[in-house]
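Undergrad: Next come a sequence and a model predicted from it.
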Amino acid sequence: MEKKQGFFSALKDEVVRGLSPSRSRSRPRSSSRAKSPGRSASPMGGLFRRRKGGQVAPPELLISRSGNLMMRPVEALSPLMEGPDPDGAECGDSRRGHWMRAPSVSSSSSAAAAAASKQSDLRLLLGVLGAPLAPVHVAASDPLPHLSIKNIPIESSSAQYILQQYMAASGGQKLQNSINNAYAMGKVRMIASEFETPNKVIKNKNSSKATESGGFVLWQMNPDMWYVELALGGSKVHAGCNGKIVWRHTPWLGAHAAKGPVRPLRRALQGLDPRTTASMFTNARCTGEKKVDEEDCFILKLCADPVTLKARSEGPAEIIRHVLFGYFSQKTGLLVHLEDSHLTRIQNNGGDAVYWETTINSFLDDYRPVEGIMIAHSGRSVVTLFRFGETAMSHTKTRMEEAWTIEEVAFNVPGLSLDCFIPPAEIRLSSVSEACELPHGQRAKNVAANLISNVHRARVASLDRSHGSLARNYI
């Protein structure tokens, strides 16, 4: 009998020695908590749950491995013991600890990959939709040509008639000629919704989380001056024109000038500037009719001329074509749909050429009069980026979407001067070709040159406060 008791006693000791010290060590537990082997009452766990004096630490102090704040209840599981025990005992099975830690490492990598993907999408959205330009140069101050049917093609005379109806429906040419400057403020939402390759199509399943929200302000002044600032998802793009040079500033490229002639901002053509829109289509042709959202429309087509395309090309990038279509309602005479497409050819060193086709379809809605001028107060755009060339397996297609609303519009704003459209210092002091090569540090020193009047900054800040994610980025 004594031998049997000795055997069981030795077996019990052997089993105890094989268990983790944190499990074999007896500690008082609350009767309300389950005696789960996964719970460790180690002092390290207490540091995450309680402060000195027995006060419960707030949940927001907990930080996950990925660096993001994480809400965590007081009664959460204690962290796994991964190092030496505070009491000096050895840890349990190292293989088990490694297996338990693997999901955390994996989740951290997934979070980092998701953050990098989101940042890449944001850069693409701002690069394409931040401040695109119209195809050709226009002088909005020039009057529209007189309606004539002699010695001109029927397509051109029809286009002139449609533009005359558009100007009349928008408020009349006399009223619009009395405008010296204009201001608009709005909200935007953008998303990179789909990415397609020859093998698969990747869609954003959770569009609400992937959507970036922000706002923009736009200032315009005669002749041919404009400034736009758009903030989205913690980043900001601003661009402008002083009547002689068009420039843009992005967080990843700094300030750089646009090649080619001075051109209007495309966003101004989206129902915000009827006079510039009519001037843009002065040399257009009427190509037919089409229904847009169950509304019969006339189609005007405008093509950029070869001289403008050549002036916009630089280095290995060649602009092959840029076409703009305007769809004008036969019922109201207003512009309801704007579509433009441009094709760029990029020649790689010693390789095949790659082609990029960018198509932007904008639908304008909610026309309301502002001081007698019809302004589209909402709309949406769908963008398609198609990359092809080289081999068929390298073809890709990216789809992006934007929705916007106009919150405020004003004309002939007092105090707006030429100083509000001065380009950044690095654009004024260097040649256009060297603008993109400036060091980032030098660009950062001249950010203040991009700011305009205090009224402008105050309006941007007021819109920014309505979007908490953008509050830290406006100046």
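TA: Received it, and whenever you're ready, just let me know what you need.
Undergrad: Wait, Arg345 touches Ala353, no?
TA: Yes. Between Arg345 and Ala353 there is a contact at 5.4 Å, judged by CB atoms under 8 Å. From N, CA and C alone the C-beta is placed, and that goes for glycine too.
Undergrad: The two - which one has more neighbours?
TA: More neighbours surround Arg345 than the other of Arg345 and Ala353, with 15 against 12 (other CB atoms under 10 Å).
Undergrad: In terms of helices and strands, where is the closest residue to the more buried one other than its chain neighbours?
TA: In space, not counting the residues next to it along the chain, Arg345 is nearest to Glu318; the distance is 4.6 Å by CB to CB, 6 or more residues apart in numbering. In the assignment (DSSP states H and E), Glu318 maps to strand 317-329.
Undergrad: Can you give the contact residues for that strand?
TA: By CB atoms under 8 Å, 6 or more residues apart in numbering, the surrounding residues in contact with strand 317-329 are 134-135, 162, 165-166, 277, 280-281, 284, 290, 292, 295-304, 309, 312-313, 334-347.
Undergrad: Look up which residues are beta-bridged to Cys297.
TA: Lys290, Ser329 (DSSP bridges).
Undergrad: Number of residues surrounding it?
TA: Number of residues near Cys297 (other CB under 10 Å) recorded here: 22.
Undergrad: which ones are touching it?
TA: 289-291, 327-330, 336-337.
Undergrad: out of those, who's nearest Tyr367?
TA: Val336 (8.8 Å; CB to CB).
Undergrad: Ramachandran angles for Asn177?
TA: Dihedral pair for Asn177: phi -70, psi -20, per degrees, to the nearest 10.
Undergrad: so it touches Arg275, yeah?
TA: Yes. Using CB under 8 Å, Asn177 makes contact with Arg275 at a distance of 7.5 Å.
Undergrad: just the buried members of the contacts of Cys297?
TA: For these, a burial check counting by 16 or more other CB atoms under 10 Å picks out 327-329, 336-337.
Undergrad: Gly240 and Ile179: what is the separation?
TA: 19 Å (CB to CB, to the nearest Å).
Undergrad: and these two? which has more neighbours close in?
TA: Gly240 (25 against 19).
Undergrad: What is the neighbour count of Ile422?
TA: 17.
Undergrad: That one and Pro316, how far apart?
TA: Here Ile422 is placed at a distance of 32 Å from Pro316 (CB to CB).
Undergrad: Chain neighbours aside, what residue packs nearest to Asn283?
TA: Leaving aside its chain neighbours, Asn283 sits nearest to Leu302 (6.7 Å; criterion: CB to CB, 6+ apart).
Undergrad: And for Gln173?
TA: Spatial nearest neighbour of Gln173, excluding adjacent residues (CB to CB, 6+ apart): Met167 at 5.1 Å.
Undergrad: Would you map the helices across the stretch 251-400 of the chain?
TA: Applying DSSP state H, counting those that start in this stretch to the stretch 251-400 of the chain gives helices spanning 274-280, 306-312.
Undergrad: now the stretch 51-200 of the chain
TA: Assigned by DSSP H, counting those that start in this stretch, the stretch 51-200 of the chain shows helices spanning 94-129, 154-170, 173-177.
Undergrad: where does the stretch 201-350 of the chain dip in pLDDT?
TA: Residues of the stretch 201-350 of the chain that meet the criterion pLDDT under 70 lie in 206.
Undergrad: Do a quick rundown of the strands in it.
TA: 201-203, 212-221, 225-232, 235-242, 246-250, 254-257, 285-292, 295-303, 317-329, 335-347 (DSSP state E, counting those that start in this stretch).
Undergrad: In CSV, list those strands along with distance to Val382.
TA: Output for these, formatted as CSV (distance: least, CB to CB, whole Å):
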stretch, distance to Val382
strand 201-203, 14
strand 212-221, 16
strand 225-232, 17
strand 235-242, 20
strand 246-250, 22
strand 254-257, 27
strand 285-292, 13
strand 295-303, 17
strand 317-329, 14
strand 335-347, 10
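Undergrad: what ranges do the strands span in the stretch 351-475 of the chain?
TA: Going by DSSP E, counting those that start in this stretch, the stretch 351-475 of the chain shows strands at 353-370, 373-389, 396-411.
Undergrad: re earlier: around the residue nearest to Asn283, how many other residues sit close by?
TA: Neighbours of Leu302 using other CB under 10 Å come to 20.
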